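Asker: Quick one: sequence plus predicted model below, questions after.
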Amino acid sequence: MDAMPKWAEVVLVPLISLLLAAILSALVILAIGESPWEALKLMVDGALGSTYGWGYTLYYATNFIFTGLAVAIAFHARMFNIGGEGQAVLGGLGVALVCLFIPFPHWSLALIASACGAALFGAAWAFIPAILQAKRGSHIVITTIMFNFIAAALLNYLLVGALKPAGSMEPATGRFPETTHLPSFQDMFSFGEATLFRGAPANISFFVALAACVALWALIWRTRLGYELRAFGHSESAARYAGISPTKIIVISMLISGGLAGMMAINNVQGEAERLVLNAVEGAGFIGIAVALMGRSHPFGVLLAALLFGFLYQGGAELALWTSIPRELIVVIQALVILFTGALDNMVRMPLENLFLMRRRPPGPDRKSTSAEGAR
Amino acid sequence: MDLITLLQLLDSTLRLATPLLLACLAGLYSERAGIFDIGLEGKMLAAAFLSAGVAYVTGNVWLGLLAGIGASLLLSAIHGLASITFRGNQLISGVAINFLAAGLTVVIAQSWFAQGGRTPQLSGGARFNPVTLPGAEALRDVPVLGPIYYELISGHTIIVYLGLIVVPITAWVLFSTRFGLRLRAVGENPAAVDTAGVSVVGMRFAAVAICGVLCGIAGAYLATALQAGFTKDMSAGRGYIALAALIFAKWRPVYCLWACLLFGFLQAIALRSDLIERVLQFNIQSQLLDALPYILTVVILAGFVGRAVPPRAGGEPYVKER
């Protein structure tokens, strides 16, 4: 029996968790001698007060949608993919190789090819931990952590070696050719005199991310594979009994997960930087964990949570610019969100469940009447 | 390569292995009791920051050490609360702790010292200074053994020796005491321990607390002995390498020592790329050396070189009645 109505489960629990995280963050801001209210006003103004701010908010949100969906799909199969960071690094490598070495006549073809490249490389990086988990029982959390570090070392190696243009001192690839540049929001939404989103990095990959949300929703709740995946996540033994192959589910869920994390690179590498630099991912792979937890692993929830984190990121950058609050405050907020929505979930949930159970029980000390009520 | 260069290399191996070793043993206590801890990194970082901050303000490194342990214990308490009391996901809690430490240290350091998220340089009594063991100077000129004693064994900070002593103590506590037996049992079969009338929750909190103390010492060592002050993200993945070493060592204390020395050695030679080139006649990319601990761990995890079997109840919250 569900102790809580569905709306409470879906809306109330994340909201209370978020509120707790917000209160603690406000206390941190107070403790370092700034005003939380002023900080919030600055953040809202900086992230949502102009199309420029929106352009950054949506740019960050695009990254977080991809990595959030990546963690979410793995959660459905009860896999914890903590390796989104490494998979996104490899995705960047895939995008860079496609953009640098294939001549494209038009950006649309380049986008399709680089999205495939990114997904392929990200999925490949998730494949090894997945197959090790499925076949040898190596804990996927540990192996994906290890693969994050190996990915960072690999990229470092390539960027100071093979991929660095001759004569350059910077550990980065050369600029991608003009024809692979994606249209930014500024190019897409400026009509006549009015230039919107001027200089902001949001680009067409935001819509790819939205499409990925819809596709993933359909996959999880409208296909046989999605059903098998969820069944496996709920009970491995039951799924096995129903003839679902654990190896297949583990590997496929991780491939999709890695592919989605990798596809983040069409936004940050192809869309924004237009070349591959060290540390291009900037922790977005980890933020995916917070986003997926916050969004309750539902693609629509992930979208909302990604927008929230996009707002926090852009707002945090503005805070760092105008006040003495460093950018790392966002990392604290992110940690608190993960803590309350993920690890301390029961702390929020248990009292709420009790509250709802109390309300449902009819008044009166007699327990018998309760069961009679239920039987009727 | 002559003896002195080799000794220098081993000397820095020992220095670099110490934080790994302390964190690795910290993880050992926690995981043996069935609590996965990927928050070692965060605890070390928090301890490094607070120890450096307090050592700078008071000028006393021992107070710094205490403060570092306190910071680490606080995070341990959060981890315990989330994963033991509220039966949350231990991995997610660990991730949260890592971020909490990464963010808070910089935010507080900035508002405390206003030096871009660092603490000021530590010097004198605010740092752990090398200890010269008795007779090291006198025996220095004895061939072979003299330099070994003087260069390699003597001249480390007290924490290095502490780390080495904790290894046999851990082995003794885990395998020869009642507490150790119960601790291991809680990680393998908590229901049995519960039936015997021992509090599973109590044992697990004790293990998590020991983990906090050791991580605190490891973090304080980073900021007050290995380096002179706290810098942003100074733990630099050491918590994860310690985790790797723990798996590499198959959750056994003495193996932990060897695994950490191996990974410390890899870090030490990564710092001396000139040496590799001279000895091997070709250059090994430093990135490969950076990645090697992780690659080795994946190979071990894959079970190609002996199987690493974690404690059976690891990662699962204990529910008394289902």
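Answerer: It's in. Residues are numbered from 1 along each chain as shown, chains lettered A, B, ... in the order given.

Asker: Give me the pLDDT for the residue lying closest to residue A:71 once chain neighbours are set aside.
Answerer: Spatial nearest neighbour of residue A:71, chain neighbours left out: residue A:292 (3.7 Å); criterion: C-beta to C-beta, 6 or more residues apart in numbering or on different chains. In this view, the C-beta of every residue, glycine as well, is placed from N, C-alpha and C. According to the prediction, residue A:292 has pLDDT 93.

Asker: May I ask you to confirm that residue A:332 is in contact with residue B:100?
Answerer: Yes: Residue A:332 lies in contact with residue B:100 (C-beta atoms under 8 Å); the separation is 6.5 Å.

Asker: who's in contact with the most centrally placed residue in chain A?
Answerer: Central residue of chain A (C-alpha atoms, centre = their mean): residue A:68, 2.1 Å from the mean position. Shown in contact with residue A:68 (C-beta atoms under 8 Å, 6 or more residues apart in numbering or on different chains): A:287-288, A:291-292, A:295, A:302, A:305-306.

Asker: could you say what helices and strands the longest helix seen in chain B packs with?
Answerer: Secondary structure of chain B per DSSP state H: the longest helix is helix B:3-32. If contacts are counted by 3 or more C-beta pairs under 8 Å, 6 or more residues apart in numbering or on different chains; DSSP states H and E, helix B:3-32 sits against helix B:40-58, helix B:145-147, helix B:158-176, helix B:178-188, helix B:200-221, helix B:238-248, helix B:253-271.

Asker: Report the buried residues of the helix or strand harbouring residue B:64.
Answerer: Taking DSSP states H and E as the criterion, residue B:64 maps to helix B:61-80. Buried positions in helix B:61-80, judged by neighbour count with 16 or more other C-beta atoms under 10 Å in any protein chain shown: B:61, B:64-76, B:78-80.

Asker: show me where pLDDT drops low in the chain?
Answerer: No chain in the question, so chain A it is. Filtered on pLDDT under 70, chain A yields the residue ranges A:1-2, A:362-376.

Asker: oops, chain B please
Answerer: Along chain B, the model assigns pLDDT under 70 to residues B:1, B:281-284, B:305-308, B:321-322.

Asker: how does it look with 90?
Answerer: The model of chain B has pLDDT under 90 over residues B:1-9, B:87-89, B:91-92, B:111-156, B:233, B:235-237, B:241, B:244, B:247-250, B:266-322.

Asker: The helix holding residue B:64 vs helix B:158-176, what angle?
Answerer: Between helix B:61-80 and helix B:158-176, the angle comes out at 40 degrees (axes from the mean of the first three to the mean of the last three C-alpha atoms, to 10 degrees).

Asker: anything in whatever helix or strand comes next after helix B:61-80 near chain A?
Answerer: For helix B:61-80, the following helix or strand on the C-terminal side (DSSP H and E) is helix B:90-113. Yes: using C-beta under 8 Å from any C-beta of the partner chain, helix B:90-113 comes into contact with chain A via B:90-93, B:95-100, B:102-104, B:106-108, B:110-111.

Asker: Just the C-alpha atoms of helix B:90-113, please, in CSV.
Answerer: Extracted C-alpha coordinates of helix B:90-113, given in CSV (Å, rounded to 0.1, in the frame of the first residue of the first chain):
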residue,chain,number,x,y,z
GLN,B,90,25.5,5.1,1.0
LEU,B,91,27.0,5.8,-2.4
ILE,B,92,24.8,8.9,-3.0
SER,B,93,25.6,10.1,0.5
GLY,B,94,29.3,9.7,-0.2
VAL,B,95,29.0,11.7,-3.4
ALA,B,96,27.1,14.5,-1.5
ILE,B,97,29.9,14.6,1.1
ASN,B,98,32.6,15.0,-1.5
PHE,B,99,30.8,17.9,-3.1
LEU,B,100,29.9,19.4,0.3
ALA,B,101,33.6,19.4,1.2
ALA,B,102,34.8,20.7,-2.2
GLY,B,103,32.4,23.6,-2.0
LEU,B,104,32.4,24.5,1.7
THR,B,105,36.2,24.5,2.0
VAL,B,106,36.6,27.2,-0.7
VAL,B,107,33.6,29.2,0.4
ILE,B,108,34.8,29.3,4.0
ALA,B,109,38.4,29.8,3.1
GLN,B,110,37.5,32.8,0.9
SER,B,111,35.5,34.5,3.7
TRP,B,112,38.0,33.6,6.4
PHE,B,113,41.3,34.4,4.7
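
Asker: Buried residues, that helix. List them.
Answerer: Across helix B:90-113, burial judged by 16+ other C-beta under 10 Å covers B:90-111, B:113.

Asker: just checking, what packs against that helix?
Answerer: If you count contacts as 3+ C-beta pairs under 8 Å, 6+ apart, helix B:90-113 packs onto helix A:13-31, helix A:284-294, helix A:329-338, helix B:40-58, helix B:61-80.

Asker: I'd like to know which of those helices is closest to residue B:275.
Answerer: Of all those, it is helix B:40-58 that lies closest to residue B:275, at 28.0 Å by C-beta to C-beta.

Asker: How about that closest one, which residues are buried there?
Answerer: The neighbour-count check on helix B:40-58 (16+ other C-beta under 10 Å) flags B:40-57 as buried.

Asker: could you give the angle of it to helix B:200-221?
Answerer: Interaxial angle, helix B:40-58 versus helix B:200-221 (the same axes, to 10 degrees): 60 degrees.

Asker: measure residue B:182 to residue B:200 for me?
Answerer: 9 Å (C-beta to C-beta, to the nearest Å).

Asker: residues shared between the contacts of the two?
Answerer: When contacts are counted by C-beta under 8 Å, 6+ apart, residue B:182 and residue B:200 have residue B:193 as shared neighbours.

Asker: Let me see the contact set for residue A:206.
Answerer: A:58-59, A:61-62, A:185, A:267.

Asker: circling back to that earlier point, the residue nearest to residue A:71: neighbour count?
Answerer: For residue A:292, the neighbour count with other C-beta atoms under 10 Å in any protein chain shown is 32.

Asker: repeat for residue B:155
Answerer: By other C-beta under 10 Å, 16 other residues sit near residue B:155.

Asker: Dihedrals phi and psi, the residue nearest to it when sequence neighbours are not counted?
Answerer: Distances taken as C-beta to C-beta, 6+ apart put residue B:130 closest to residue B:155, at 4.8 Å, once the chain neighbours are dropped. Residue B:130 adopts backbone torsions of phi -60, psi 140, taken as degrees, to the nearest 10.

Asker: can you check residue A:280 too?
Answerer: Dihedral angles (degrees, to the nearest 10) for residue A:280: phi -70, psi -30.

Asker: I figured it was touching residue A:273, is that so?
Answerer: Yes: under the criterion of C-beta under 8 Å, residue A:280 lies in contact with residue A:273, with a separation of 6.3 Å.

Asker: Mind checking which of the two has more residues around it?
Answerer: Neighbour count, other C-beta under 10 Å: between residue A:280 and residue A:273, residue A:280 has more, with 23 against 19.

Asker: any idea how far that one lies from chain B?
Answerer: Residue A:280 is 17 Å from chain B, where distance means C-beta to the nearest C-beta, to the nearest Å.

Asker: which residues sit in contact with residue B:129?
Answerer: With contact taken as C-beta under 8 Å, 6+ apart, residue B:129 is in contact with residue B:157.

Asker: what about it, is that helix, strand or coil?
Answerer: When classified by DSSP: H, G, I helix; E, B strand; the rest coil, residue B:129 comes out as coil.
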